[in-house]
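Asker: Build me a model from this:
(2 chains)
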Protein chains: 2
Amino acid sequence: MSGELDLIERLRALPLHEGARNLDDDAAVLDIGGETLVLTHDMLVEGVHTAPGQDAADVAWKLVATNLSDLAAKGARPIGVLVGFTRGDDDARFVAGLEEALTHYNVPLLGGDTVSSGKSPRSHGLTAIGRASHVPVPSRGGARSGDAIWVTGTLGAALAGFEAFTAGDRAQAGAYLRPRALIDDGLALAPAVTAMMDVSDGLLLDAWRMAQSSEVSLVLESAAAPIALPEARRDEALRWGDDYQLLFTLPPGTAPPVRATRIGTVEPCDGDGALVVDGVSITSPDGLGYSH
Amino acid sequence: MSGELDLIERLRALPLHEGARNLDDDAAVLDIGGETLVLTHDMLVEGVHTAPGQDAADVAWKLVATNLSDLAAKGARPIGVLVGFTRGDDDARFVAGLEEALTHYNVPLLGGDTVSSGKSPRSHGLTAIGRASHVPVPSRGGARSGDAIWVTGTLGAALAGFEAFTAGDRAQAGAYLRPRALIDDGLALAPAVTAMMDVSDGLLLDAWRMAQSSEVSLVLESAAAPIALPEARRDEALRWGDDYQLLFTLPPGTAPPVRATRIGTVEPCDGDGALVVDGVSITSPDGLGYSH
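Answerer: Numbers count the residues shown, from 1 in each chain, chains lettered A, B, ... in the order given. Below you'll find the model as predicted:
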């Protein structure tokens, strides 16, 4: 068991809010005052989630977009964000990126904290709060046998962007530096899907997680997945993360209300859930994607 | 202008939620349905907000307590927390401390994120969400001329605890290692106060902030403040932070509903707000307390 999974098991033993969904989802769901809120918190650590030399404006953008992507996967409209920011020499760039992202998504700042550490690595956190547009709020755990498996957009674009960035070609690095949260797609999909999540850590790893949460087999045809890399690199495109596309399941015969590609079918399984890729059963999540 | 103040000015220029209270308060206020939520996010950085060698269980406790203290200052009942945790060798101790704190305050975990950096300093963040017990939610900005200024408990206990900890006497270090969030005091005070905040960065600095937000003079008698240190160290007790007592103002003639000590009177001022200590006007917040 990896360190992260071991830790999550320990955290699951804590007093959990029912809206925590047993820490098995991208976001928490909180019923309050007749409304349903969706809350998520993700961190970015310098050098772990960002590349050396990355502009702080891009870091700020990514911090906003990755958290809003979790709201998108719940079909939630953003209400506001709280930012936890570790100061450095590039605060003005960080705030500039924050402004671009908040303006782009029309999300206001609610508050947060700024701290000074004076040392690397710096860490930043962001809490995004949204209002659910559809109840029940989609989860990873609703995929049912017979459902079709779909994904928006293309996979591997962030990897291509990362490679462009490390080669010094910032102009081609947008998919890595400035990921998009698919808020509108999530809103359109929420009433239709049986399960939904964003692809943050690679299609195969995230599909594994959906299968585990739903206690079904996700049977994928890898050739069907739309990729943004040459065919020879298809496998990498399905294992690299950071694309923030939406992976979702629909009942048989339902057409998706957004542009998406069908990549497989949900089948029943014995036990905890399983992932089958091109007819091969995957028995462990190790190496399937990006664990951090 | 310090780096932090400069940064906060930049953040204030971003699109702000009205509940952000112009980033001039300890927490954000969000009206949802018929309820009013209070949200706060604070970070702890290893070596900045914690002492070297501190048990990760104490760090986790402090992360919970300091955020709940912000809810206390708003008269809010905690609903849940989201934790952003950077993993290390002492994850089990961190989770143990989290469990102690969540159980003590009867607050469930809503979710969060765990990341791995592999390097020091590690940072942790926590978002606490509470339900306001009284509307309007107390702010720093409501002190009015003629009000009496009060503080709960004693000041300097955390400094004494810090000194005990660094001397190896963990048994006497509780006030530093395990601060308390005064939730019940905050609930009792919320309907009565004109302004309230928690004393996180030292009485004098926080009183300065209340004066600025309220645009009044806070006129303090330092001898009246209850301290947990020898009389010769009174000044330090009023400038060190981490005590998490509640500083509040009450209309003239109102008795506080909790144990507290009167330490001064609010007077009108010309301009932006002022702090007067023992008859001496303080003209700058520099050196008044703990800025970080």
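Asker: can you map out the helices along the stretch 151-292 of chain A?
Answerer: Per DSSP state H, counting those that start in this stretch, the stretch 151-292 of chain A carries helices over the ranges A:157-166, A:174-177, A:183-189, A:203-214, A:234-239.
Asker: Distance to B:A73, mean pLDDT and mean neighbour count for these - can I get that in CSV?
Answerer: Using the backbone N, CA and C atoms, a C-beta is placed for each residue, glycine as well. CSV is the format used below for these (distance: least, C-beta to C-beta, whole Å; pLDDT from 0 to 100; neighbours: other C-beta atoms under 10 Å in any protein chain shown):
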stretch, distance to B:A73, mean pLDDT, mean neighbour count
helix A:157-166, 42, 96, 20
helix A:174-177, 39, 95, 22
helix A:183-189, 33, 98, 21
helix A:203-214, 38, 96, 24
helix A:234-239, 47, 96, 19
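Asker: and chain B, which of the ones you listed is closest to it?
Answerer: Nearest of the helices of the stretch 151-292 of chain A to chain B, taken as C-beta to the nearest C-beta: helix A:203-214 at 14.4 Å.
Asker: Export the helices of the stretch 151-292 of chain A to JSON lines and append columns for distance to B:P138.
Answerer: Supplementary listing: the helices of the stretch 151-292 of chain A in JSON lines, determined by distance: least, C-beta to C-beta, whole Å:
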{"stretch": "helix A:157-166", "distance to B:P138": "45"}
{"stretch": "helix A:174-177", "distance to B:P138": "42"}
{"stretch": "helix A:183-189", "distance to B:P138": "34"}
{"stretch": "helix A:203-214", "distance to B:P138": "41"}
{"stretch": "helix A:234-239", "distance to B:P138": "51"}
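Asker: Would you mind giving these as CSV with distance to chain B added?
Answerer: Shown next, in CSV, are the helices of the stretch 151-292 of chain A (distance: least, C-beta to the nearest C-beta, whole Å):
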stretch, distance to chain B
helix A:157-166, 18
helix A:174-177, 18
helix A:183-189, 16
helix A:203-214, 14
helix A:234-239, 19
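Asker: and of the ones you listed, who's closest to B:A237?
Answerer: helix A:174-177 (48.6 Å; C-beta to C-beta).
Asker: returning to that earlier point: any idea which of the helices of the stretch 151-292 of chain A gets closest to A:S117?
Answerer: helix A:174-177 (23.8 Å).
Asker: Tell me which residues are up against that closest one.
Answerer: Outside helix A:174-177, the residues that touch it by C-beta atoms under 8 Å, 6 or more residues apart in numbering or on different chains are A:54-55, A:58, A:61-62, A:157-162, A:164-165, A:170, A:228, A:242-243.
Asker: Quick check: which of the helices of the stretch 151-292 of chain A is nearest to B:L250?
Answerer: Once those are compared by C-beta to C-beta, helix A:183-189 is nearest, at 45.3 Å.
Asker: Would you pull up the residue in chain A closest to chain B?
Answerer: For chain A, C-beta to the nearest C-beta, closest residue to chain B: A:G33, 2.5 Å.
Asker: what about that residue, distance to A:T40?
Answerer: Applying C-beta to C-beta, to the nearest Å, the value for A:G33 to A:T40 is 20 Å.
Asker: Show me which of these two is the more surrounded one.
Answerer: A:T40 (29 against 14; other C-beta atoms under 10 Å in any protein chain shown).
Asker: Quickly list what that one is bridged to.
Answerer: A:T40 has these beta-bridge partners by DSSP bridges: A:A128.
Asker: Which residues are in contact with it?
Answerer: A:T40 neighbours (C-beta under 8 Å, 6+ apart): A:26-28, A:67, A:70-71, A:127-128, B:82, B:111.
Asker: From B:M43, how far off is the nearest residue to A:Q54 once chain neighbours are set aside?
Answerer: Residue nearest to A:Q54 in three dimensions, not counting chain neighbours: A:L177, with 7.1 Å by C-beta to C-beta, 6 or more residues apart in numbering or on different chains. For A:L177, the distance to B:M43 equals 24 Å [C-beta to C-beta].
Asker: which non-adjacent residue is nearest the residue of chain A most remote from its centre?
Answerer: Most distant from the centre of chain A: A:G118, at 30.2 Å, with distances by C-alpha atoms, centre = their mean. Closest residue in space to A:G118, ignoring its immediate chain neighbours: B:V48 at 7.9 Å, by C-beta to C-beta, 6+ apart.
Asker: helix/strand/coil for the one you found?
Answerer: Of the three states, B:V48 takes coil under DSSP: H, G, I helix; E, B strand; the rest coil.
Asker: per-residue confidence for it?
Answerer: At B:V48, the pLDDT value in this model is 83.
Asker: Does it touch B:P121 like I think?
Answerer: Yes. If you go by C-beta atoms under 8 Å, B:V48 and B:P121 touch, sitting 7.1 Å apart.
Asker: Which one's more surrounded, the two?
Answerer: It is B:P121, of B:V48 and B:P121, that has more neighbours when counted by other C-beta under 10 Å, with 21 against 16.
Asker: So which elements touch the lowest-mean-pLDDT helix or strand in chain A?
Answerer: Sorted by mean pLDDT, DSSP states H and E, the helices and strands of chain A end with helix A:3-12, the least confident at a mean of 84. Judged by 3 or more C-beta pairs under 8 Å, 6 or more residues apart in numbering or on different chains; DSSP states H and E, helix A:3-12 is in contact with strand B:76-87, helix B:91-105, strand B:109-116.
Asker: Parallel or antiparallel, list what pairs with whatever helix or strand comes next after it.
Answerer: Later in the chain than helix A:3-12, the nearest helix or strand by DSSP states H and E is strand A:28-32. Using DSSP bridges, the strands paired with strand A:28-32 are strand A:35-45 (antiparallel).
Asker: Give the buried residues for the strand it pairs with.
Answerer: For strand A:35-45, burial by neighbour count (16 or more other C-beta atoms under 10 Å in any protein chain shown) applies to A:36-45.
Asker: Per-residue pLDDT of the nearest residue in space to A:P191 that is not next to it in sequence, please?
Answerer: Spatial nearest neighbour of A:P191, chain neighbours left out: A:H134 (4.8 Å); criterion: C-beta to C-beta, 6+ apart. A:H134 is assigned 98 on the pLDDT scale.
Asker: ditto for A:D272
Answerer: Taking A:D272 on its own, its pLDDT is 82.
Asker: where does it fall, phi/psi-wise?
Answerer: Phi and psi for A:D272, reported as degrees, to the nearest 10, are phi -80, psi -10.
Asker: wait, what's in contact with it?
Answerer: Contacts of A:D272 (C-beta under 8 Å, 6+ apart): A:212, A:215.
Asker: what mean pLDDT does stretch A:145-154 have?
Answerer: For stretch A:145-154, the per-residue pLDDT averages 98.
Asker: what about it, distance to the chain center?
Answerer: 16 Å (C-alpha atoms, centre = their mean, to the nearest Å).
Asker: hmm, who's touching it?
Answerer: Contacts for stretch A:145-154 (C-beta under 8 Å, 6+ apart): A:143, A:182, A:185, A:194-195, A:199, A:203, A:207, A:216, A:218-220, A:225-228, A:243, A:245-252, A:254, A:256, A:258-268.
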